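Colleague: below are the sequence and a predicted model; questions follow.
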Amino acid sequence: RLLVWLTGMAAAHWAGLSSRATDFDPAHVTGGLLAAPGARWDAVWFIDIAHNGYPDVMHTAFFPLYPMLMASVHGVTRMPLEAAGLLISLGASLATATGLGVLLEPLFGRRIALLTVTIWAVGVDALIQSMLYAQPLIAAFAVWGSIAIRRAKPLLGAVCAIGAGLSHSTGLGLTVVVIA
């Protein structure tokens, strides 16, 4: 992931950004070369919500948990919102990787569990997991919610379902699994 991130920074530095880059960041909330690979597209909205809340109806397309966590980490540490979001994404990705191992090793053995965690860490989706997106949170909640259900811990399953539902509409699917 670090190699992918460094490559993105190098590309932004040498090739520059698209002439349309400001179309997706009109308020210039994702400045800086360090944030360039991860602070694009939906990240702009999350940063704006973390900073300003929900000022208009357009912002309501984005679920509240991720920007609330960003604002909380920023409030406690005073790190920039971009760094707070990356920290949350990294932590959630690590929680997902750990959860995949915990979930899969008893079912399929250590080899399959490690292979799955490796694919999670370096596969196609790894770039998204390293950005200011809610997907790492959804994945962590889904994996740990599945573990909770397998271990007959309905309260933990419910907490994970609520967390996933507050992160993205796709997280609402976990609610169906927990209720069933």
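Modeller: Perfect, thanks for sending it. Numbering: from 1, shown residues only.
Colleague: count of residues packed around Thr118?
Modeller: When neighbours are defined as other Cβ atoms under 10 Å, Thr118 has 12 of them. Placement of C-beta: from N, CA and C, glycine included.
Colleague: list the buried ones in the helix ranked longest in the chain?
Modeller: Criterion DSSP state H: the longest helix present in the chain is helix 81-108. Neighbour counts over helix 81-108 (16 or more other Cβ atoms under 10 Å) mark 81-89, 92-93, 95-97, 99-105 as buried.
Colleague: I'd like the distance between the closest residue to Glu105 other than its chain neighbours and Asn52.
Modeller: Spatial nearest neighbour of Glu105, excluding adjacent residues (Cβ to Cβ, 6 or more residues apart in numbering): Ala113 at 4.0 Å. Separation of Ala113 from Asn52 (Cβ to Cβ, to the nearest Å): 42 Å.
Colleague: about what we covered before: now for the helix or strand where the residue nearest to Glu105 lies, which elements pack on it?
Modeller: If you go by DSSP states H and E, Ala113 is part of helix 110-122. For helix 110-122, the packing partners by 3 or more Cβ pairs under 8 Å, 6 or more residues apart in numbering; DSSP states H and E come out as helix 81-108.
Colleague: now do the helix it packs on, average pLDDT.
Modeller: The pLDDT scores in helix 81-108 average 94.
Colleague: and that helix, how far out from the chain's middle?
Modeller: 9 Å (Cα atoms, centre = their mean, to the nearest Å).
Colleague: next, the angle helix 110-122 makes with that helix.
Modeller: 160 degrees (axes from the mean of the first three to the mean of the last three Cα atoms, to 10 degrees).
Colleague: which helices and strands does helix 81-108 pack with?
Modeller: helix 42-52, helix 65-77, helix 110-122, helix 126-129, helix 135-150.
Colleague: swap the cut-off to 7 Å and go again
Modeller: Applying 3 or more Cβ pairs under 7 Å, 6 or more residues apart in numbering; DSSP states H and E, we find helix 81-108 packed against helix 42-52, helix 65-77, helix 110-122, helix 135-150.
Colleague: ok, which of those comes nearest Leu172?
Modeller: helix 135-150 (10.0 Å; Cβ to Cβ).
Colleague: and that closest one, which residues are buried?
Modeller: In helix 135-150, counting by 16+ other Cβ under 10 Å, buried: 135-149.
Colleague: what about dumping the CA coordinates of it to PDB?
Modeller: Once non-C-alpha atoms are left out, helix 135-150 reads as follows in PDB (Å, rounded to 0.1, in the frame of the first residue of the first chain):
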ATOM      1  CA  GLN A 135     -15.400   1.300   2.600                       C
ATOM      2  CA  PRO A 136     -12.800   0.300   5.200                       C
ATOM      3  CA  LEU A 137     -15.300   0.900   8.000                       C
ATOM      4  CA  ILE A 138     -18.000  -1.000   6.200                       C
ATOM      5  CA  ALA A 139     -15.700  -3.900   5.600                       C
ATOM      6  CA  ALA A 140     -14.600  -4.000   9.300                       C
ATOM      7  CA  PHE A 141     -18.100  -3.900  10.500                       C
ATOM      8  CA  ALA A 142     -19.200  -6.600   8.100                       C
ATOM      9  CA  VAL A 143     -16.300  -9.000   9.100                       C
ATOM     10  CA  TRP A 144     -16.700  -8.400  12.800                       C
ATOM     11  CA  GLY A 145     -20.500  -8.600  12.500                       C
ATOM     12  CA  SER A 146     -20.100 -12.000  10.800                       C
ATOM     13  CA  ILE A 147     -17.800 -13.100  13.600                       C
ATOM     14  CA  ALA A 148     -20.300 -11.900  16.200                       C
ATOM     15  CA  ILE A 149     -23.100 -13.900  14.500                       C
ATOM     16  CA  ARG A 150     -21.000 -17.100  14.200                       C
END
